[in-house]
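Enquirer: after the sequence you'll find the predicted model.
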Amino acid sequence: MNKSSKQVQGELIYGIHPVVEVLKAKRRKVISIYTTRPEPKSWSLVAKILPKHVQIQYVAREVLNKMAETTDHQGVVAWVQPFVLRKKFFDPNNQRYLLMLDGIQDTRNVGAILRSAYCVGVDGVIMCKKGGAPINASTLKASAGLAEYMEIYEAASPESAVQLLKDVGYTIYLATLGGENARHSTYQEPLCLVIGNEAVGISKSILKSGKQITLPQRMPEISYNASVAAGILLFLIGTQSNKI
């Protein structure tokens, strides 16, 4: 790879909030921004924090639609350096409240969960490469850009993630349909909450790796959306541990 190709290596993100937050977080470089003329109504949020070195390119809305592969870009698309994943696993002395995503496949669900995680004070997130959705432009849009502030570690599989957690002393809580009432549970730090796949839930291979907790609901034939369940459980644990 030559020097020029290294300089343009990156990925596209879209939407006002993802672009604003990537600029504010300053964890990765914004290379160029594409928008329309006249600029969108919320452009001022970007313009007031935009470094002078960032190139602005004005294009037709149809071009933005094609770049983002969606019309949900709010008139702003940016070319940025790749998302930075955490290389070192978490330390229970410093990161006491973790979240693990076990096979969440919808990028919008992942983004919504990361948004809730940030809001309630989660210290770090474990994502599993096997069977899980990636962190991409859709994920960042659904997180309203807040994923930019999260410490995210990618494990090879749910099994390897659980082993890492146990090795350093985290208490594991698994969101299932047949566990203890989550409202009545006592959460022991350092801890990790595990949210499973939208269709089948927690991987069978790790179901006995921790304490199963369940959100009460009006009838057994229904269930919460994965991101909604995650938000409620994260809030319950966050308030009990005085994170919020």
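Expert: Ah, there it is.

Enquirer: and Gln55, backbone torsions?
Expert: Dihedral pair for Gln55: phi -80, psi 140, per degrees, to the nearest 10.

Enquirer: spatially nearest residue to it (excluding sequence neighbours)?
Expert: Spatial nearest neighbour of Gln55, chain neighbours left out: Ser32 (4.2 Å); criterion: CB to CB, 6 or more residues apart in numbering. C-beta: built from backbone N, CA, C; applies to glycine.

Enquirer: got the end-to-end distance for stretch 157-175?
Expert: End-to-end distance of stretch 157-175: 18 Å, with CA to CA, to the nearest Å as the criterion.

Enquirer: now Ala137: closest residue in space that isn't a chain neighbour?
Expert: Excluding its sequence neighbours, the residue lying closest to Ala137 (CB to CB, 6+ apart) is Ile13, at 4.8 Å.

Enquirer: any idea which residue sits dead centre in the chain?
Expert: Leu114 (3.4 Å; CA atoms, centre = their mean).

Enquirer: run through who's touching the helix or strand containing that one.
Expert: Assessed by DSSP states H and E, Leu114 sits inside helix 107-120. Contacts to helix 107-120, defined as CB atoms under 8 Å, 6 or more residues apart in numbering, come from residues 99, 101, 104, 125, 127, 132-136, 138-144, 146-147, 149-150, 152, 195, 198, 225-227, 230-231, 234-235, 237-238, 243-244.

Enquirer: so of these, which ones are in strands?
Expert: Using DSSP state E, the members of the contacts of helix 107-120 that fall in strands are Leu99, Leu101, Val125, Met127, Ile152, Ile195.

Enquirer: how about those residues in CSV, adding neighbour count?
Expert: Formatted as CSV, the ones in strands among the contacts of helix 107-120 follow (neighbours: other CB atoms under 10 Å):
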residue, neighbour count
Leu99, 26
Leu101, 28
Val125, 25
Met127, 22
Ile152, 18
Ile195, 26
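
Enquirer: other SSEs contacting the helix or strand harbouring Lys66?
Expert: Using DSSP H and E, Lys66 falls within helix 61-68. In terms of contacts (3 or more CB pairs under 8 Å, 6 or more residues apart in numbering; DSSP states H and E), helix 61-68 is packed against strand 11-14, strand 30-35, strand 76-80.

Enquirer: neighbouring strands of the longest strand anywhere in the chain in the sheet, and parallel or not?
Expert: As assigned by DSSP E, the longest strand anywhere in the chain is strand 171-181. Neighbouring strands of strand 171-181 in its sheet, by DSSP bridges, are strand 191-196 (parallel), strand 211-214 (parallel).

Enquirer: what lies in contact with it?
Expert: For strand 171-181, the external contacting residues (CB under 8 Å, 6+ apart) are 162, 165-166, 182, 185, 187-196, 201-202, 206-207, 209-216, 220, 223, 229-230, 233, 237.

Enquirer: care to break this structure down by domain?
Expert: 8-80, 97-240 (automatic domain parsing).

Enquirer: can you tell me which of these is packed in deepest?
Expert: domain 97-240 (a mean of 19; mean count of other CB atoms under 10 Å).

Enquirer: contacting residues around Tyr34?
Expert: Ile56, Gln57, Tyr58, Val59, Val63, Leu64, Met67, Val76, Val77, Ala78, Trp79.

Enquirer: repeat for Thr35
Expert: By CB under 8 Å, 6+ apart, Thr35 lies in contact with Trp43, Val46, Ile56, Gln57, Tyr58, Val59, Leu64, Gly75, Val76, Val77.

Enquirer: with distance to Gln9 added, can I get those residues in TSV?
Expert: Output for the contacts of Thr35, formatted as TSV (distance: CB to CB, whole Å):
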residue	distance to Gln9
Trp43	27
Val46	23
Ile56	20
Gln57	18
Tyr58	24
Val59	21
Leu64	21
Gly75	25
Val76	21
Val77	17
